[in-house]
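S.K.: Any chance you can model this:
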Amino acid sequence: MKKLLLISLLALASAAHAEEREWAPYKKLVESMRLDKYYSLPAAERDKLDFYLLVKPANKALKGSDFNFTIVHAGGRTPLPVSADGRMHLVPNMKWLDEDAKIVTTQPAGEKVSLAHGMDAVIPDGLQWQYNTLMDSVPQSNNAIGKLAGLARMFFPTLKGVTLKFDKPAQLTIQSKSGAKQLSSDAKNEIHLLLDQALQKENPTVALSARPHEAELDD
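M.R.: Residues are numbered from 1 along each chain as shown. Here you go, the predicted structure:
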């Protein structure tokens, strides 16, 4: 499991025309994608996680950002932005759940799209941070998957580390009591960090030569 936590999949097809139409009830989307369960976790159990939905067009020639979605509620209309790589962040709004808000779309005619869960580690600010600021995302993610998946947890691998992805070659230095350990990015400009219990206990300073653009939870 590299990117997606395929806990559930919601597939939806467009109508024959591109005019605005209802795509899904807001409550159905929140509940079917377990957003209510995730955001019911205490903040301290998810503050190191970036949890999102990934919009996946069936047509490989399209991107998730080619699809647009808007929540229509009593207070007006609220767009649901989709990033260039298809990510949609959606925090449940209790008022919209209670009033049975709708999600509308003008996605391309005849196209199908599915949603899957994605979960990354939050990248700490700056070029220097304490080890646990990043690596606590690993136990948090496993705990979150267990609570979201329930009995299906046995079908998901245990996440064991974080892969930092850079736009250019980079170095990372862990300044522990046993000495400085330097890691260099590989041919893909990635640095793989397995959760180390000794380092987790010590919580040393980590310094980087450049900021990563992504911190992927990895098994």
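
S.K.: From here on, just use CA atoms for contacts and neighbour counts.
M.R.: Noted.

S.K.: Domain parsing of the protein, as residue ranges.
M.R.: 4-119, 123-218 (automatic domain parsing).

S.K.: now the last one, how far from the chain's geometric center?
M.R.: The reference is to domain 123-218. 15 Å (CA atoms, centre = their mean, to the nearest Å).

S.K.: picking that back up, redo the domains of the chain as CSV? Include mean pLDDT and mean neighbour count.
M.R.: CSV is the format used below for the domains of the chain (pLDDT from 0 to 100; neighbours: other CA atoms under 10 Å):
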stretch, mean pLDDT, mean neighbour count
domain 4-119, 85, 16
domain 123-218, 94, 17
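
S.K.: need the helices for the chain, in chain order.
M.R.: Along the chain, the segments classed as helices by DSSP state H run 26-32, 35-39, 94-98, 131-135, 137-149, 197-202.

S.K.: Kindly reformat those helices as TSV containing distance to residue 85.
M.R.: What follows is the helices of the chain, written out as TSV (distance: least, CA to CA, whole Å):
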stretch	distance to residue 85
helix 26-32	20
helix 35-39	20
helix 94-98	27
helix 131-135	23
helix 137-149	21
helix 197-202	32
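
S.K.: Between those helices, which one is closest to residue 81.
M.R.: With CA to CA as the criterion, residue 81 lies closest to helix 26-32 of the helices of the chain, at 15.0 Å.

S.K.: From residue 69, how far off is residue 78?
M.R.: 9 Å (CA to CA, to the nearest Å).
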